[in-house]
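**Q** Please work out how this folds:
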Amino acid sequence: RVRHRGRRLPRLQELHRETDGAPFFSNARTIRNAMDRAHMNSAIRLLDKYAIQGVYGGDCSVKALMAITADDFQILVDDIYNADASK
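**A** From the prediction side, this is the model:
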């Protein structure tokens, strides 16, 4: 099970299963890159929600800034499933 600060991360675990054994797979580096992408996806989600849609008048809480959701990792899993293996 993949855990971060005592919490399970099932989407990250699914990502790990899908990439394990893939060409050029390097366990720690792949997980670090996945976390970086999830942070980026989180930032894009928050920008859209608070700055563009104007939820709560554009005010974003510290808790929201620190949160990475399952959907932030789902984007990565979807990218793997939809990747063109011939490239």
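
**Q** which ones are touching the closest residue to G58 other than its chain neighbours?
**A** Sequence neighbours aside, Y50 is the residue nearest to G58 in space, at 5.2 Å (criterion: C-beta to C-beta, 6 or more residues apart in numbering). (Each C-beta comes from the backbone N, C-alpha and C, glycine too.) Applying C-beta atoms under 8 Å, 6 or more residues apart in numbering, we find Y50 in contact with 56, 58-60, 64.

**Q** Next, Y50: phi, psi?
**A** Main-chain torsions, Y50, degrees, to the nearest 10: phi -90, psi -40.

**Q** So for L65, what's the pLDDT?
**A** Among the per-residue scores, L65 holds a pLDDT of 90.

**Q** quick one: the helix or strand where it lies to chain centroid distance?
**A** If you go by DSSP states H and E, L65 is part of helix 62-66. Here helix 62-66 is found 15 Å from its chain centre; the criterion is C-alpha atoms, centre = their mean, to the nearest Å.

**Q** which residues touch the helix or strand following it?
**A** Counting by DSSP H and E, the next helix or strand C-terminal to helix 62-66 is helix 70-81. The set of residues external to helix 70-81 that reach it, using C-beta under 8 Å, 6+ apart, is 9-12, 14-15, 18-19, 34, 37-39, 41-42, 45.

**Q** Need the buried ones from these selected in PyMOL.
**A** Selecting only the buried entries of the contacts of helix 70-81 in PyMOL, with 16 or more other C-beta atoms under 10 Å as the criterion:
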select buried, resi 9+11+12+14+15+18+19+34+37+38+41+42+45
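
**Q** Mind checking which of the contacts of helix 70-81 land in strands?
**A** Under the assignment DSSP state E, these contribute nothing to strands.

**Q** All set, thanks.
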